[in-house]
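Colleague: The following comprises the amino acid sequence and a computationally predicted model.
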Number of protein chains: 2
Amino acid sequence: MKLLEERIKKDGEVLDGDVLKINSFLNHQVDPKLMMQCGEEFKRLFKDEKIDKVLTCEASGIAPAIMAAYQLGVPMVFARKKKPSTLNDAVYWADVFSYTKKVNNKICVEEKFLHKSEHLLIIDDFVAHGEAVKGMVNIAKQAGCDIVGVGAIVAKTFQGGSEWVENEGLRFEALAKIDSFKNGQVHFEGEE
Amino acid sequence: MKLLEERIKKDGEVLDGDVLKINSFLNHQVDPKLMMQCGEEFKRLFKDEKIDKVLTCEASGIAPAIMAAYQLGVPMVFARKKKPSTLNDAVYWADVFSYTKKVNNKICVEEKFLHKSEHLLIIDDFVAHGEAVKGMVNIAKQAGCDIVGVGAIVAKTFQGGSEWVENEGLRFEALAKIDSFKNGQVHFEGEE
């Protein structure tokens, strides 16, 4: 998605260790119009698929996922990182390893919001090692959902997450695919 | 907002201790169309105000806030509950007391996303005691923002949060105002 790539070049910050920070329009401050355009793009990409629900993970996944769900006309569920005090019902749990903090965190989804054979589109803001996606795929499988695919706003395709999804036999779509960093600059797949 | 009140009556769960759980369309599973309608309603309510930015708090505030921001044509910023590892810049901090867990948590917003005299609309999903709102107002004041008002999807007006906002001299709007619970049922302000 050209518009998104241009925005990343303009406003993304490349930090040490191949870390891209997109705080000004995705991960802290969010551009709602751009999120809606991303939602439209996910709808276009998955137009031939039946989709019943969008699954994402709090917190940064919520904005793109709600727009994708809005475009698709289906509910969105976000996996929680803590079990809220009002969440007393049965939940699916999965571990999510954090590379930055070197610890396993847990995410959960209440069982009643994921149904057997439901057609699920998994959306995440950022797929690098893909740990959050692995956790969501784990939960979707526990629920017996039919995973239609995984959509990311940005993927760092050289860190294994996108490859893992494809090795699972799942369709992977990222609206911006970063294949390397060169001299502190982002390099997108297919770029000169 | 009649549509929202009807949905709360239909799908909300009243738990012990005047706790309303709205997991099926707001706090865990989210209805994107309803969130967009709430965004439209906030736009209508604040149509005579200049608004530059929407501020909310992760995670459940994000879906209604991004829709309000979309309708208003402005960016949305969500306060974070943990400082992410990529957040190295200066931040505003505020304490948020959790009534359910009896502890102080912290929220933060990167300083560069809130500017002096910026016209800010604060959006939250749920205002009961109003602790998250107090934290956001605190941060907005640290940044010298001009707070246009506070908008909530649901307020429990008998638990002090909405009163606190008004005592601060700020406009408070909730799309559904619960003034009591009777026999395990929600009672809205103005209802028979």
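Modeller: Yep, it's here.
Colleague: show me where pLDDT drops low in chain A?
Modeller: Across chain A, residues meeting the criterion (pLDDT under 70) sit at A:84-88.
Colleague: Just after the helix or strand residue A:79 falls within, pick out the following helix or strand.
Modeller: Using DSSP states H and E, residue A:79 falls within strand A:76-79. Heading C-terminal from strand A:76-79, the first helix or strand you meet, by DSSP H and E, is strand A:91-98.
Colleague: my guess is residue A:26 meets residue A:60, correct?
Modeller: Yes - using Cβ atoms under 8 Å, residue A:26 is in contact with residue A:60, at 6.6 Å. No exception for glycine: its C-beta is placed from N, CA and C like everyone else's.
Colleague: where do the contact lists of those two overlap?
Modeller: A:125-126 (Cβ atoms under 8 Å, 6 or more residues apart in numbering or on different chains).
Colleague: quick check, stretch A:108-125 touching chain B?
Modeller: Yes - Stretch A:108-125 is in contact with chain B by Cβ under 8 Å from any Cβ of the partner chain, via A:109-110, A:113.
Colleague: are any of the residues you listed buried, and which?
Modeller: Among the residues of stretch A:108-125 next to chain B, those classed as buried by neighbour count (16 or more other Cβ atoms under 10 Å in any protein chain shown) are A:109-110, A:113.
Colleague: secondary structure element for the spatially most central residue of chain A?
Modeller: The residue lying closest to the centre of chain A (Cα atoms, centre = their mean) is residue A:124, at 0.9 Å. Per DSSP H and E, residue A:124 falls inside strand A:119-127.
Colleague: now do residue A:165
Modeller: Per DSSP H and E: helix A:161-167 holds residue A:165.
Colleague: next one: residue A:176
Modeller: Using DSSP H and E, residue A:176 falls within strand A:172-182.
Colleague: ok, that strand: who's next to it in the sheet?
Modeller: Strand A:172-182 pairs in its sheet with strand A:146-156 (parallel), strand A:185-188 (antiparallel), by DSSP bridges.
Colleague: What about residue A:49, how many residues nearby?
Modeller: The number of residues packed near residue A:49 is 13, by other Cβ atoms under 10 Å in any protein chain shown.
Colleague: what separates the residue nearest to it when sequence neighbours are not counted from residue A:53, distance-wise?
Modeller: The shortest distance from residue A:49 to any non-neighbouring residue, by Cβ to Cβ, 6 or more residues apart in numbering or on different chains, is to residue A:148 (4.8 Å). Residue A:148 is 10 Å from residue A:53, where distance means Cβ to Cβ, to the nearest Å.
Colleague: again, but for residue A:23
Modeller: Using Cβ to Cβ, we find residue A:23 at a distance of 29 Å from residue A:53.
Colleague: so can I have TSV of the residues of stretch A:108-125 next to chain B showing secondary structure?
Modeller: Formatted as TSV, the residues of stretch A:108-125 next to chain B follow (DSSP: H, G, I helix; E, B strand; the rest coil):
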residue	secondary structure
A:109	strand
A:110	strand
A:113	helix
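Colleague: longest helix anywhere in chain A?
Modeller: helix A:32-45 (DSSP state H).
Colleague: how about that one as PDB, C-alpha atoms only?
Modeller: Extracted as PDB, the C-alpha positions of helix A:32-45 are listed here (Å, rounded to 0.1, in the frame of the first residue of the first chain):
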ATOM      1  CA  PRO A  32      -8.100   7.400  11.900                       C
ATOM      2  CA  LYS A  33      -8.400   8.200   8.200                       C
ATOM      3  CA  LEU A  34      -5.300   6.100   7.400                       C
ATOM      4  CA  MET A  35      -6.700   3.300   9.600                       C
ATOM      5  CA  MET A  36      -9.900   3.400   7.600                       C
ATOM      6  CA  GLN A  37      -7.900   3.200   4.300                       C
ATOM      7  CA  CYS A  38      -6.100   0.200   5.700                       C
ATOM      8  CA  GLY A  39      -9.400  -1.400   6.600                       C
ATOM      9  CA  GLU A  40     -10.600  -0.800   3.100                       C
ATOM     10  CA  GLU A  41      -7.400  -2.400   1.800                       C
ATOM     11  CA  PHE A  42      -7.900  -5.500   3.900                       C
ATOM     12  CA  LYS A  43     -11.500  -5.700   2.600                       C
ATOM     13  CA  ARG A  44     -10.200  -5.600  -1.000                       C
ATOM     14  CA  LEU A  45      -7.500  -8.200  -0.300                       C
END
